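> Curious how this folds, go ahead:
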Amino acid sequence: MITKDQTLSDENFKVAVVGAGGTGAYYGGALARAGADVKMIARGPHLDAINTNGLQLNSVLLGDFKVNCTATDDMSTIDRVDLVIFAVKSWGTDAAIEAMASGSMVGEGTLIISTQNGIDSEPLLIKAFSAEHVLGSTATVSAMITHPGVVTQAGGPGSLIIGEMDGGPSAQVDTLVERCVGAGLAAESSENIELALWYKFTFICALSGMTALTRKPIGDIFAQETTTEMYRQVLHEVAAVARAKDVLLSEEMVENTFKATKGREPFIIGSMGHDLIAGNPIEIGLLNARVVEMGKEHNVPTPANFAIEAALRPHECGSTS
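Numbers count the residues shown, from 1 in each chain. Here you go, the predicted model:
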């Protein structure tokens, strides 16, 4: 059984990236370049390209580099790893968890961190694999597959915040953060990961919700008074829901998020916006619709998030389904 005081082994650090799309490949690729034994779980042409030519990562933060790593679409073939980076889209969560459990990937000492959007990933992983395996984490990066086997990271801070779900100091968290920092990642530990998760949730509901709603990048959104005000309203509604659930997300933190986002690259579009434009399924149920649901439970008005949900629900399953 893992304890907070247990440190990760320094020998042959093994990582599985469950969902080696833009985000998963960015963090997994950095660890692979630093010497970790990384297995990428992918599919289709992306999987074939990684196995044939390696993973090419073009990054404004890490530089451009190629790593040779094994890719597969069958998680039952992967032996126990030290770390699982859970990076599938929300609609693939249940199937990915079932596939993870079908083999021996998660075993004694395995830690799982999620880079998914939303606030429901950790509870689902804990239910499936137990609390001692799951750490809370938030990942903030703008990365996407630009060609099979090629991932481009063009924006975002590339941050990774990790902490124990029940808070407090943790040797295993500190060791994992050190590994990530050693790989060039902007990683840090948190003793209040619940607040960090809600902070990221607030940010992504506005970024993904508004860029998907308008089909425009944030520069165009902030160039208009009406969309700027709606963006701010989405943030404040999510924070109000957080406080109703006893998560102390202050108005000052919300305004800091708003100001920081206005200072980001003007071409950024949230992941839900990219998926919508590409005709893929979108994560509306995980994001703005989830805010509306929790708002109803706690009598917190969420009209801006409701407007986003109402406009995007018809696109939830994608245009090709």
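> in what helix or strand does Phe65 lie?
Counting by DSSP states H and E, the element that carries Phe65 is strand 63-67.
> And the helices in this protein?
For the chain, applying DSSP state H gives helices covering 22-33, 44-53, 93-101, 121-129, 171-182, 193-214, 218-222, 225-244, 251-262, 271-278, 288-297, 303-312.
> Convert stretch 198-218 to CSV, retaining C-alpha atoms only.
Taking C-alpha atoms only, stretch 198-218 is exported to CSV below (Å, rounded to 0.1, in the frame of the first residue of the first chain):
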residue,chain,number,x,y,z
TRP,A,198,-11.8,24.4,-9.0
TYR,A,199,-9.6,27.2,-10.1
LYS,A,200,-8.7,25.3,-13.3
PHE,A,201,-12.4,24.3,-13.7
THR,A,202,-13.4,28.0,-13.5
PHE,A,203,-10.8,28.9,-16.1
ILE,A,204,-11.6,26.2,-18.5
CYS,A,205,-15.4,26.7,-18.3
ALA,A,206,-14.9,30.2,-19.5
LEU,A,207,-12.2,29.5,-22.0
SER,A,208,-13.6,26.4,-23.6
GLY,A,209,-17.2,27.5,-23.2
MET,A,210,-16.8,30.9,-24.8
THR,A,211,-14.4,29.9,-27.6
ALA,A,212,-16.8,27.1,-28.5
LEU,A,213,-19.9,29.3,-28.3
THR,A,214,-18.4,32.0,-30.6
ARG,A,215,-16.1,29.7,-32.7
LYS,A,216,-13.5,32.5,-32.1
PRO,A,217,-10.2,32.7,-30.2
ILE,A,218,-9.9,34.7,-27.0
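> Buried residues of it, list them for me.
For stretch 198-218, a neighbour-count test (16 or more other Cβ atoms under 10 Å) marks 198-214, 216-218 as buried. Where C-beta positions appear, they are placed from N, C-alpha and C, glycine not excepted.
> how distant is it from the center of its chain?
A distance of 14 Å separates the centroid of the chain from that of stretch 198-218, by Cα atoms, centre = their mean, to the nearest Å.
> Then stretch 193-204?
Worked out by Cα atoms, centre = their mean, stretch 193-204 lies 11 Å from the chain centre.
> do stretch 257-274 as well
15 Å.
> circling back to that earlier point, between the strand holding Phe65 and helix 22-33, how many degrees?
Strand 63-67 runs at 70 degrees relative to helix 22-33, counting by axes from the mean of the first three to the mean of the last three Cα atoms, to 10 degrees.
> For strand 63-67, which outside residues touch it?
With Cβ atoms under 8 Å, 6 or more residues apart in numbering as the test, strand 63-67 has contacts from 29, 32-33, 38, 53-58.
> Just the buried residues out of the residues you listed, in ChimeraX syntax.
The following ChimeraX line selects those of the contacts of strand 63-67 that are buried, judged by 16+ other Cβ under 10 Å:
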select :29,32,33,38,54,55,56,57,58
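> Looking at the contacts of strand 63-67, spot the one nearest Leu286.
Set against Leu286, the nearest of the contacts of strand 63-67 by Cβ to Cβ is Gly29 (24.8 Å).
> Alright, I will stop here.
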